[in-house]
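**Student:** Below are the sequence and a predicted model; questions follow.
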Amino acid sequence: MNASFFLRFKAFMIDYLLILIYLLILFIVNVLIFPSLQEFFTGSLIVAQFAGFIMVTFPVSLYFIISDSSIGKQSFGKRKVGIRVVGYNGQELSIFHLTFRTMLKFLPWELSHFLVYRLVYIGNNEVPFSYYLVGGLIYALMFSYILSAIFTKKRQSLYDIVAKTQVLKIK
């Protein structure tokens, strides 16, 4: 049986608590222990974007890729609510397959980081129209991910449909 949107959301919120703990530790490390790391975010826009990706997006993505793979079977949140990510035929997913799924899943998140860095760097200058387009794309993706997980027959998010995966409720 396919997992409901509510179960998927509950699992993600549990996992997000772990992510928040990681972000708090990262904040403490960046501000109190190694304040020199903050220099990565004050110079080049490209360096700031890359540093943010390496410190935040990459570790969080690795958590989901590894935990949902045959190594971990389920993320902590998915284990708690009893759901699992599998292929269309119920098969376990390869690391490559889960990497593709996770990239699609976190695309709005990374695009929002991209946009925030650029908005900070423009200061009081006029916001380019392209930034509005990126912002619109972020919201369009988020809403399509949520609505597709609610209204599709198999309760698949758009990224699950594209990645040919499904989230099943397990016993």
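**Tutor:** Right, received. Where do you want to start?
**Student:** lowest-confidence helix or strand of this protein?
**Tutor:** helix 45-52 (a mean of 81; mean pLDDT, DSSP states H and E).
**Student:** So which bits of it are buried?
**Tutor:** Buried residues in helix 45-52, counted by 16 or more other C-beta atoms under 10 Å: Ala48, Gln49, Ala51, Gly52. C-betas here are computed from N, CA, C, even on glycine.
**Student:** Residues in contact with it: which ones?
**Tutor:** With contact meaning C-beta atoms under 8 Å, 6 or more residues apart in numbering, helix 45-52 is reached by Leu37, Phe40, Phe41, Thr42, His113, Phe114, Tyr117, Arg118, Tyr121.
**Student:** then stretch 23-32 to PDB, C-alphas only?
**Tutor:** C-alpha atoms of stretch 23-32 as PDB (Å, rounded to 0.1, in the frame of the first residue of the first chain):
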ATOM      1  CA  LEU A  23      22.200  22.800  11.600                       C
ATOM      2  CA  LEU A  24      22.400  24.000  15.200                       C
ATOM      3  CA  ILE A  25      25.800  22.100  15.600                       C
ATOM      4  CA  LEU A  26      26.900  23.700  12.300                       C
ATOM      5  CA  PHE A  27      25.900  27.100  13.600                       C
ATOM      6  CA  ILE A  28      27.800  26.600  16.800                       C
ATOM      7  CA  VAL A  29      30.900  25.400  14.900                       C
ATOM      8  CA  ASN A  30      30.800  28.400  12.500                       C
ATOM      9  CA  VAL A  31      30.100  31.000  15.100                       C
ATOM     10  CA  LEU A  32      31.800  29.900  18.300                       C
END
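**Student:** Where do the strands of the chain begin and end?
**Tutor:** Ranges of strands within the chain are 83-87, 165-169, based on DSSP state E.
**Student:** Now do the last one against strand 83-87: the angle between them, please.
**Tutor:** Read that as strand 165-169. Calculated by axes from the mean of the first three to the mean of the last three C-alpha atoms, to 10 degrees, strand 165-169 forms an angle of 150 degrees with strand 83-87.
**Student:** helices or strands next to strand 165-169 in the packing?
**Tutor:** For strand 165-169, the packing partners by 3 or more C-beta pairs under 8 Å, 6 or more residues apart in numbering; DSSP states H and E come out as strand 83-87.
**Student:** now do the first one
**Tutor:** Counting contacts by 3+ C-beta pairs under 8 Å, 6+ apart, strand 83-87 packs against helix 5-28, helix 95-105, strand 165-169.
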